[in-house]
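Participant: using only what follows, build the 3D model:
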Amino acid sequence: MEPFALAIFASALILNAGTPGPSIAALVSRVISRGWADVAPFLAAMWIGEIIWLSFAMAGLAALAETFHGAFLILKYLGIAYLIYLAWKMWTEPVNTDAASLPKRQSAGAMFFAGFALTLGNPKIMVFYLALLPSFIDLTQPSLGLWAIIAAVTVASLAVVDLFWIVLAHHARSFLKTPKAIRVANRIGATALAGAAGVIASR
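Facilitator: Reported below is the predicted structural model:
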């Protein structure tokens, strides 16, 4: 595989993933409201979801994905419902700057499900892999080695984008020292999550 084609793919993926959307909104909101310590399952699920779409594209399973459109639609709306639930929880979160009463971490399973449903149900991600990937990379002769290379580049590119947003959100969180600031941040985060749910629902 030509390094130039791989570089073009990585650049396109970084631009696609880095553009603020439902996934970034959910990630940033979680870090601002709860900190970065419990987002690992969420990140892992999002990356696994992207690798699944990549695998579909490389295996020529766009038609299969269309066949199981109903299943992905269910995942999409489960993801939407969960985003709305998180938005409601964040909007109504009691404000307290006492460290002893900071929000407890959410279970790893719940975080993983949220990231997985969000990624598999996001039309923007699906279109990138099933429709745009073939324009960057020749998939006429797919192989396990080629898949491994592209998968590694995919995860590395996503890590660059997601870690950038996590660091940014973490630094923003350090300014939340008063109840008023925390309440405003919670309301902004809740609005972002609800907006992300609306964007996914409209596609």
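
Participant: going forward, measure contacts and count neighbours with C-alpha atoms only.
Facilitator: OK.

Participant: quick one: the strands in this structure?
Facilitator: With DSSP state E as the criterion, the chain has no strands.

Participant: so the residue nearest in space to the middle of it versus residue 29, what's the distance?
Facilitator: The residue lying closest to the centre of the chain (C-alpha atoms, centre = their mean) is residue 23, at 3.2 Å. Distance of residue 23 to residue 29, computed by C-alpha to C-alpha, to the nearest Å: 10 Å.

Participant: and the longest helix for this structure?
Facilitator: Taking DSSP state H as the criterion, the chain has its longest helix at helix 144-173.

Participant: so which elements touch that one?
Facilitator: Contacts defined by 3 or more C-alpha pairs under 8 Å, 6 or more residues apart in numbering; DSSP states H and E place helix 144-173 against helix 3-18, helix 22-34, helix 40-58.

Participant: comparing the ones you listed, which comes out most buried?
Facilitator: helix 22-34 (a mean of 23; mean count of other C-alpha atoms under 10 Å).

Participant: any idea how far that one is from the chain center?
Facilitator: A distance of 9 Å separates the centroid of the chain from that of helix 22-34, by C-alpha atoms, centre = their mean, to the nearest Å.

Participant: helix 144-173 and that helix, what's the angle between them?
Facilitator: 40 degrees (axes from the mean of the first three to the mean of the last three C-alpha atoms, to 10 degrees).

Participant: ok, the closest residue to residue 44 other than its chain neighbours to residue 48 distance?
Facilitator: Excluding the flanking residues, the one nearest residue 44 by C-alpha to C-alpha, 6 or more residues apart in numbering is residue 112, at 7.2 Å. Computed as C-alpha to C-alpha, the residue 112 to residue 48 distance reads 10 Å.

Participant: in this structure the residue nearest to the centre of the chain contacts residue 116, no?
Facilitator: No: the pair residue 23 / residue 116 is not scored as a contact, 10.3 Å apart, by C-alpha atoms under 8 Å.

Participant: got a list of contacts for stretch 39-49?
Facilitator: Residues outside stretch 39-49 that contact it (C-alpha atoms under 8 Å, 6 or more residues apart in numbering): 27, 30-31, 108-109, 111-116, 118-120, 155, 158, 162.

Participant: quick check: mean pLDDT across that stretch?
Facilitator: Across stretch 39-49, the average pLDDT comes to 91.

Participant: also stretch 173-193?
Facilitator: Stretch 173-193 comes out at a mean pLDDT of 67.

Participant: number of residues surrounding residue 168?
Facilitator: For residue 168, the neighbour count with other C-alpha atoms under 10 Å is 14.

Participant: same deal with residue 78?
Facilitator: Neighbours of residue 78 (other C-alpha under 10 Å): 17.

Participant: distance of it from residue 126?
Facilitator: The separation that residue 78 has from residue 126, given C-alpha to C-alpha, amounts to 17 Å.
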